[in-house]
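1. Just a sequence and a predicted model for now, questions to come.
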Amino acid sequence: MRQEYFAIAQVFTSVPKLADGKKPPQAHNQHDQATSSPSSSSQTSVTSNIIRTWKGYVLNPAFLASFSLAILYLTVLSFGSQMTTYLLALGFTSLHISAMRLIAVLLELSATCAAPMLMRRIGAVRAGLWFINEQLITIVLALGIFTIPHANPQISSLVLVVGVTASRLGLWGFDLCVQYLVQQDTPEETRGSFSSVEASLQSLFELLSFATTMIFAAPDQFKYPVYVSVGAIAVSAACFAGHVRKRRGHLLHTSKCLERRWKNKYTVLPTIQEEDETELGEVISA
Amino acid sequence: MRTWPAQSVVPDRVTACWQLSSCPTMQHLIDGTSTASSVAEHIELEAEALQIKMATDKNVLRKLYLSHTLSTWNARTFEFGAVIFLGTIFPGTLFYASCYALFRSLAAFLFSSTVGHQIDIRERLGVVRQSIIWQRVSVATSCLVLLFLSQPLESSYLINGCFVVCVLLACCEKLAFVGNTIAVERDWVVVVAEAVEVPREDLNSVMRRIDLVCKLVAPLTFSLIDAYSSQVAMWVVFAQNALSVVFVSG
């Protein structure tokens, strides 16, 4: 418990780089405030700060990727309180739900193993596309069967549960890919504010998902929150696709200096090297 | 894999020294003032230094994971425990538990960006220290208020007042946790991965694995103690947090 701070303090002392690199924005900010708003009250500087933070978020190259991750929080299709309550209302026991949760967690853990491997092989952008599409396809398939009227509601909801469980793999894989991209694209001096706006949006979408189940509270109305959640996943996939296209578009239209920077960023992902290595390994083993 | 760099670096260095003839050890060897054994010694020292660096790197990662585990564990235990405890204090109504969760998310929505700004303008360790202290103090205080609430109270003003205090403390805890998570997962990880020369995607995925395991196991552990007595469970959470506050701020 007390080790929490000492552990992180030791990390801080053993990595000297952590101590520097944070100074320029601070100096810049103070300068900014001193020149532009010497007489304004602290109230306006707080609001202008918030506006500046949100503006910075939207203008950041990683905005669409980050937004596509945040909107995934508008969901009832997780093993959270909403889905659990629904399944209990349908007559599943808590033991059933625990078993489902366990399987889902195992899949989530396997996603944390699969994501880095896939990212190294095909790059974070394409891996992200794969994961979000895996999530979308499993959910849409499950929804298709779920909406077919069935005599036994337990069977159709079981299909939904299977779909949700399978989608967890895509969800956490996608989460890791987006995190990688955000870490790469946000400049060091605005990392905190960028990610905090993302956290803010996540909370907003979480609130909206609560709102959907508050409006459609009866178990037989659960399909409406489900539709909203599937819609959110579709929007997320579209946003991420937009992000990918925008990035590749920029690749073609930017100036040479920028282009080189982008190229460098792309070569950081060792796609070809990895493939060479695996080929070599295969040759050796053969 | 781990020992390879040490062995592969050494021959390169020897050839480089021969080519440049500027390495003092090599110069001594050429002059005849140094023996081959002292060159070997020099190379051995280099290799040893590299091994020491790798050992400390491993240690750095272990500490980072430890800190993240403790922070997430604490947050998840309290998140689950508070809702369960509210359920036992106010049986038969979901109003208090939903109100609690609603305001917690609302606070995160409204004030996360302010916290994020602090992360950007302040020194790294200071931010993390503040986030840990705020998290621990608010959890410990919440536990005390909740324990006080679990006694039979007559005044409805007192009950509602205590509940409002609990909600405010939960907002504090949530914001501190958001701050800690952002600082470590989005900022520290990038710098540490570069310094330690570990692929960032691997570091990210270990951190995420820690999150997922804590999300599953922390509520389980709490409910195991809760099954014995929910008062005891709350005292345990309080003791954990109060102790760590004393150590961190002392």
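-> That came through fine.
2. Looking from chain B, tell me which residue of chain A is nearest.
-> A:S196 (2.3 Å; CB to the nearest CB). C-betas here are computed from N, CA, C, even on glycine.
3. Report pLDDT for that residue.
-> In the prediction, the pLDDT value recorded for A:S196 is 92.
4. ditto for B:I30
-> B:I30 carries a pLDDT score of 56 in this model.
5. now do A:I233
-> As summarised for this prediction, A:I233 has a pLDDT of 95.
6. tell me the contacts of it?
-> With contacts taken as CB atoms under 8 Å, 6 or more residues apart in numbering or on different chains, A:I233 has the following neighbours: A:72, A:75, A:132, A:135-136, A:139.
7. What helix or strand is the closest residue to chain A within chain B located in?
-> Among the residues of chain B, B:G116 lies closest to chain A, at 2.3 Å counting by CB to the nearest CB. Under DSSP states H and E, the secondary-structure element containing B:G116 is helix B:95-121.
8. same thing with A:C177?
-> Assigned by DSSP H and E, A:C177 falls in helix A:153-185.
9. so after that helix, what's the next helix or strand?
-> Taking DSSP H and E as the definition, the helix or strand that follows helix A:153-185 towards the C-terminus is helix A:191-215.
10. Which elements pack onto that next one?
-> On a contact count with 3 or more CB pairs under 8 Å, 6 or more residues apart in numbering or on different chains; DSSP states H and E, helix A:191-215 meets helix A:42-59, helix A:63-70, helix A:81-89, helix A:153-185, helix A:223-253, helix B:95-121, helix B:156-181.
11. before we move on, back to that, make sure the residue of chain B closest to chain A is actually in contact with A:L201.
-> No: at 11.9 Å, B:G116 and A:L201 do not qualify as touching, with contact defined as CB atoms under 8 Å.
12. quick one on the thing from earlier: and the residue of chain A closest to chain B, what is it in contact with?
-> Contact criterion CB under 8 Å, 6+ apart gives A:53, B:112-117, B:119, B:178-179, B:182 as the residues in contact with A:S196.
13. In chain B, where's the longest helix?
-> Selection of the longest helix in chain B by residue count, based on DSSP state H, yields helix B:36-89.
14. Let me know the pLDDT of the nearest residue to B:N180 once chain neighbours are set aside.
-> Once its chain neighbours are removed from consideration, B:N180 has its nearest residue in B:S131; the separation is 3.9 Å (CB to CB, 6 or more residues apart in numbering or on different chains). Model confidence at B:S131, expressed as pLDDT, equals 91.
15. Thought B:G179 was touching B:S131, still the case?
-> Yes: the pair B:S131 and B:G179 passes the contact test of CB under 8 Å, sitting 4.4 Å apart.
16. Residue ranges in chain B under the pLDDT threshold?
-> By pLDDT under 70, the weakly predicted segments of chain B are B:1-34, B:247-250.
17. Quick check: residues of the stretch 101-250 of chain A near chain B?
-> Within the stretch 101-250 of chain A, the positions near chain B by CB under 8 Å from any CB of the partner chain are A:101-102, A:105, A:108-109, A:112-113, A:115-116, A:119-120, A:124, A:172, A:175-176, A:179-180, A:182-183, A:186, A:188-197, A:199-204, A:206-207, A:210.
18. buried subset of these?
-> Applying a neighbour-count criterion of 16 or more other CB atoms under 10 Å in any protein chain shown, the buried members of these are A:101, A:105, A:108-109, A:112, A:115-116, A:119-120, A:124, A:172, A:175-176, A:179-180, A:182-183, A:186, A:189-197, A:199-204, A:206-207, A:210.
19. Point out where the stretch 151-286 of chain A drops to low pLDDT.
-> A:249-286.
20. Try it again at 80.
-> Low-confidence segments of the stretch 151-286 of chain A (pLDDT under 80): A:151-154, A:248-286.
21. check contacts around B:L86.
-> Residues B:96-97, B:100, B:146, B:166 are the ones in contact with B:L86 under the rule CB under 8 Å, 6+ apart.
22. Alright, calling it a day.
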